[in-house]
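Chemist: give me a 3D structure for the following:
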Amino acid sequence: MRARLRRLTAGERQFIWMGRIAHVAGDGDCHRCVRLRVWGAGKNSQVLQADLLSKAVLPWGCATDDSYPTPRDVREVIDYALAHGWNPDLVGGAYLLGEDASGFELAGFLLTDRLRDDGAPDPTVRVLQAFRAP
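Modeler: All right, here's what the predicted structure looks like:
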């Protein structure tokens, strides 16, 4: 199955983005994760990558989680990355937005490094903390 590329316009620039659904294992459960990739100046431009961990707490875990970022979520990721050093006009490479992104939050997602690093903080603990937070 081919990846679906979507378009999003922000100001004068058009961004192309895609989300690939994955799952990450935590100590207590499996969690849905969407690897978001965004290009702002063509296929050879520096890609923005963010792994979005669903905050959903469901009885059957990732098997029933249908969370997926909306265009508004993607726009928030883009705006944050642009304000914190992502230059989509650069050629090649990736700008990784990870758990260390201070002050970044989406309504339904957390940033995770677990897809790239098995030693990253346990997603189950992080999801439960977000679920319990006021």
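Chemist: C-alpha only now, for contacts and for neighbours.
Modeler: Fine.
Chemist: residues contacting stretch 12-26, please?
Modeler: 3-9, 30-41, 62, 68-69, 114-115, 122-125 (CA atoms under 8 Å, 6 or more residues apart in numbering).
Chemist: let's go with 6 Å and repeat that
Modeler: If you take CA atoms under 6 Å, 6 or more residues apart in numbering as the criterion, stretch 12-26 is touched by 5-8, 30-40, 122-124.
Chemist: mark which of those residues are buried, thanks.
Modeler: 8, 30-40, 122-124 (16 or more other CA atoms under 10 Å).
Chemist: packing partners of the helix or strand bottoming out on mean pLDDT in the chain?
Modeler: Lowest by mean pLDDT, DSSP states H and E among the helices and strands of the chain is helix 123-132, with a mean of 75. The helices and strands touching helix 123-132, judged by 3 or more CA pairs under 6 Å, 6 or more residues apart in numbering; DSSP states H and E, number zero.
Chemist: got the contact list for it?
Modeler: 26, 28, 55.
Chemist: pull out the buried residues from it.
Modeler: 123-124, 126-127, 130.
Chemist: from memory residue 92 sits against residue 45, does it?
Modeler: Yes. Shown here, residue 92 and residue 45 form a contact pair, counting by CA atoms under 6 Å, at 5.3 Å.
Chemist: picking up where we left off before, redo the contacts of helix 123-132 as a markdown table? Include secondary structure.
Modeler: Listed next are the contacts of helix 123-132 as a markdown table, based on DSSP: H, G, I helix; E, B strand; the rest coil:
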| residue | secondary structure |
| --- | --- |
| 26 | coil |
| 28 | coil |
| 55 | coil |
